[in-house]
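**Student:** One predicted model, sequence on top.
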Amino acid sequence: MRFTLHAQDPGSHARAGEFTTGHGTVPTPVFLPVGTLGMVKAVHTRELRDDLASPMLLSNTYHLYLRPGTAVLEKAGGLHRFNGWDRPILTDSGGFQVHSLSDIRKITEEGVKFQSHIDGSRHLFTPENVMDIQRSIGADLVMAFDECTPWPCEKDYAERSMHMTHRWLDRCIARFDTTEPKYGHEQTLLPIVQGSTFPDLRARSAEFIASRGRAANAIGGLSVGEPEEELYGMTDLVCRILPADRPRYLMGVGTPWNLLEGIALGVDLFDCVMPTRNGRNGMLFTREGILRIKNHQWADDHAPLDPHGSTWVDSFHSKAFVRHLFQSGEVLGPQIASLHNLGFYLDLMREARERILDGSFTAWKNALVPKLKRPL
């Protein structure tokens, strides 16, 4: 994995660059659509690749391990061959899913014992077998196995968890560095900074992760309920410690304004289920604010979903029509909303990059963020 910086915004820590993988080059900053089970829910591969021009996709180790399973993926030749996606893929290690299964899992030094949410069967994730599973999936970027602490949590717990995440990281590195990719393309392992919202823990974790010298680094354990000022404060602290010559990935974030503020702090990669999950429930993001398409006020509004939008969805469909689909229970409504939101996020990242390159990012961001937050 090779990372090249092209420009840094003079008014912030925002930067534009690109990194190269075995499945192509990704311009940064970038948003990764979440395809938990191998592809984004209600979105066709062709739409994501050609219509929305997404440069990358995120899928999930926990879910793919349970279904369809590594045997199926290996027989197919890896996830790229299985789902037909020919661009880079990142796989989350399952640490966050394990965090969310608090009532059906047990964490020990060895790893995490858990029950499948599908059939109740029992499984064990360790740093070693999670590396093996991600080798079988074949993602270009693979995540270290970590524990994502809840918010709020006691500092003693956060510290113990952080040290265990660090010990697990060294086990991940040992396993990853002594195994080979299975499908002929390079894979890159990303460590994850933890430490909850305690500045001293975050700083120690960032220093530990930086010391491992991997090609890219991630910031985890945020966007789990903490106030936005905590999210930004921890991100700022960590970005000042992680090496500037490697991509920084802020996991699970977030709203459109979270992304812009994260870019200003020096983040390069983001992912979140928000554009598709919220879209399926009728919340659309636009350049003028948040549009709740189910509201009666849009019943006779024949203007585009977003007059400033640049995707084919905004060109073809009015607010009144999409509301009609939602009110009628027509599955096309959530599909259109998902496509609109993904297009909005991806376009926002492309424009952010352009603004960094021409030196106008900070003024543009400061003017746009208040608009993005307001309800329509």
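**Tutor:** Sure thing, it's come through.

**Student:** residues contacting residue 273?
**Tutor:** 34, 36 (C-beta atoms under 8 Å, 6 or more residues apart in numbering). C-beta coordinates here come from the backbone N, C-alpha and C atoms, glycine included.

**Student:** Quick check, pLDDT for it.
**Tutor:** pLDDT recorded at residue 273 is 96.

**Student:** That one and residue 111, how far apart?
**Tutor:** 25 Å (C-beta to C-beta, to the nearest Å).

**Student:** can you list the domains in this protein?
**Tutor:** The record assigns the chain these domain ranges, following automatic domain parsing: 2-271, 273-376.

**Student:** Let me know which of the ones you listed is tucked in deepest.
**Tutor:** Most buried of the domains of the chain by mean neighbour count (mean count of other C-beta atoms under 10 Å) is domain 2-271; its value is a mean of 19.

**Student:** Compute the first-to-last residue distance for that domain.
**Tutor:** Domain 2-271 has an end-to-end distance of 20 Å (C-alpha to C-alpha, to the nearest Å).

**Student:** now swap in stretch 189-205 and tell me
**Tutor:** Counting by C-alpha to C-alpha, you get 17 Å between the two ends of stretch 189-205.

**Student:** Now it: average pLDDT?
**Tutor:** Averaged across stretch 189-205, pLDDT comes to 98.

**Student:** how about residue 128, secondary structure?
**Tutor:** Under DSSP: H, G, I helix; E, B strand; the rest coil, residue 128 falls in the helix class.

**Student:** Do you know the pLDDT at it?
**Tutor:** Residue 128 is assigned 98 on the pLDDT scale.

**Student:** Now for the residue lying closest to it once chain neighbours are set aside: which residues touch it?
**Tutor:** Closest residue to residue 128 apart from its sequence neighbours, by C-beta to C-beta, 6 or more residues apart in numbering: residue 175 at 4.4 Å. Each residue near residue 175 by C-beta under 8 Å, 6+ apart is listed here: 127-128, 131-132.

**Student:** from those residues, which is closest to residue 223?
**Tutor:** Checking the contacts of residue 175 against residue 223 with C-beta to C-beta, the nearest one is residue 127 at 23.5 Å.

**Student:** Could you list the low-confidence segments of this structure?
**Tutor:** 98-102, 104 (pLDDT under 70).

**Student:** go with 90
**Tutor:** The chain contains residues with pLDDT under 90 at 94-107, 114-115, 117, 148-150, 307-316.

**Student:** quick one: what helix or strand has the residue nearest to residue 128 in it?
**Tutor:** helix 155-177 (DSSP states H and E).

**Student:** Convert the C-alpha atoms of that helix to PDB, please.
**Tutor:** C-alpha atoms of helix 155-177 as PDB (Å, rounded to 0.1, in the frame of the first residue of the first chain):
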ATOM      1  CA  LYS A 155     -11.400   4.800  33.100                       C
ATOM      2  CA  ASP A 156     -10.000   1.600  34.700                       C
ATOM      3  CA  TYR A 157     -12.000  -0.500  32.300                       C
ATOM      4  CA  ALA A 158     -11.000   1.600  29.300                       C
ATOM      5  CA  GLU A 159      -7.300   1.300  30.300                       C
ATOM      6  CA  ARG A 160      -7.500  -2.500  30.800                       C
ATOM      7  CA  SER A 161      -9.300  -2.900  27.500                       C
ATOM      8  CA  MET A 162      -6.800  -0.600  25.700                       C
ATOM      9  CA  HIS A 163      -3.800  -2.700  26.900                       C
ATOM     10  CA  MET A 164      -5.600  -5.900  25.800                       C
ATOM     11  CA  THR A 165      -6.300  -4.400  22.400                       C
ATOM     12  CA  HIS A 166      -2.500  -3.600  22.200                       C
ATOM     13  CA  ARG A 167      -1.600  -7.200  23.100                       C
ATOM     14  CA  TRP A 168      -4.100  -8.500  20.600                       C
ATOM     15  CA  LEU A 169      -2.600  -6.200  18.000                       C
ATOM     16  CA  ASP A 170       0.900  -7.700  18.400                       C
ATOM     17  CA  ARG A 171      -0.700 -11.100  18.000                       C
ATOM     18  CA  CYS A 172      -2.500  -9.900  14.900                       C
ATOM     19  CA  ILE A 173       0.800  -8.600  13.400                       C
ATOM     20  CA  ALA A 174       2.600 -11.800  14.200                       C
ATOM     21  CA  ARG A 175       0.000 -13.900  12.500                       C
ATOM     22  CA  PHE A 176      -0.500 -11.500   9.500                       C
ATOM     23  CA  ASP A 177       3.200 -11.200   8.900                       C
END
